[in-house]
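K.L.:
need a 3D model of the following:
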Amino acid sequence: MGKIVFYEGRNFQGRHWECSSDCMDTFRHFNYCNSIRVSGGHCVLYEKPYYMGYQYILSPGEYPDYHWWMGFNNCIRSCQMFPPYRGSYRMRIYNRPDMMGHSMEFMDDCPNVYDRFRYRDIFSCNIMEGYWIFYEHPNYRGRQYFLRPGEYRACGDWGCHNPMVGSFRRMRTLM
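P.N.:
Reported below is the predicted structural model:
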């Protein structure tokens with residue numbers, strides 16, 4: 001599927017650990033993470049064990065410092081791997097919980113939700129095809145939230161406490 005190499009030091013220095021599957025708690029493998037190499041697929045990193053806390057979605061590549069993956073700190077405590085996806089993308093967002101209220105369907109990236117949807121808050125959504133990333137602010141900035149196919153009846157279902165979504169994009173594999 002893929003592989004992640006976590007390094008305690010910046011620029012791929014110091015103690016490291018290779019991971020090729022999901023890991024609920026990385027603490028026994030390393031104390032902190034300052035650089036990462038990702039190959040063969042995407043990964044979602046979490047600030048806390050058991051896939052909780054801040055999420056960081058990484059594409060294949062090299063990240064010499066935690067700022068390169070928009071990290072708030074050097075604490076990574078769990079991770080999930082996702083194989084490359086080359087299918088189509090489709091989702092419907094709603095401005096109310098439980099798939100209620102105004103809705104709009106998307107099949108492409110959206111750098112500014114308000115400009116296209118006319119609402120700042122997304123309370124629920126249905127991911128019909130593909131993997132998606134929600135961002136707290138426009139232009140793909142701020143906290144990240146990973147969404148796989150399924151129904152999300154409340155914003156807490158994708159791990160956030162505030163329904164404000166500024167932008168979103170498809171998690172795509174470059175050919």
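
K.L.:
for the closest residue to residue 77 other than its chain neighbours, phi and psi?
P.N.:
Of all residues beyond its chain neighbours, the one nearest residue 77 is residue 49 (4.6 Å), with distances taken as C-beta to C-beta, 6 or more residues apart in numbering. No exception for glycine: its C-beta is placed from N, CA and C like everyone else's. The main-chain torsion angles of residue 49 are listed as degrees, to the nearest 10 and equal phi -60, psi 160.

K.L.:
show the pLDDT at residue 49.
P.N.:
You'll see residue 49 listed with a pLDDT of 96.

K.L.:
and it, how far is that from residue 27?
P.N.:
In this structure, residue 49 lies at 7 Å from residue 27, with C-beta to C-beta, to the nearest Å as the measure.

K.L.:
overlap of the contact sets of the two?
P.N.:
With contacts defined as C-beta atoms under 8 Å, 6 or more residues apart in numbering, the residues shared by residue 49 and residue 27 are residue 77.

K.L.:
circling back: so what's the residue count around the residue nearest to residue 77?
P.N.:
When neighbours are counted by other C-beta atoms under 10 Å, residue 49 registers 14.

K.L.:
contacting residues for it?
P.N.:
Taking C-beta under 8 Å, 6+ apart, we find residue 49 in contact with 24-27, 77-78.

K.L.:
tabulate those residues (CSV), appending neighbour count.
P.N.:
CSV is the format used below for these (neighbours: other C-beta atoms under 10 Å):
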residue, neighbour count
24, 13
25, 13
26, 21
27, 12
77, 21
78, 20
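
K.L.:
just the closest of those residues to residue 36, please.
P.N.:
residue 26 (11.5 Å; C-beta to C-beta).

K.L.:
is it true that the closest one touches residue 80?
P.N.:
No: with contact defined as C-beta atoms under 8 Å, residue 26 does not count as touching residue 80 (11.5 Å).
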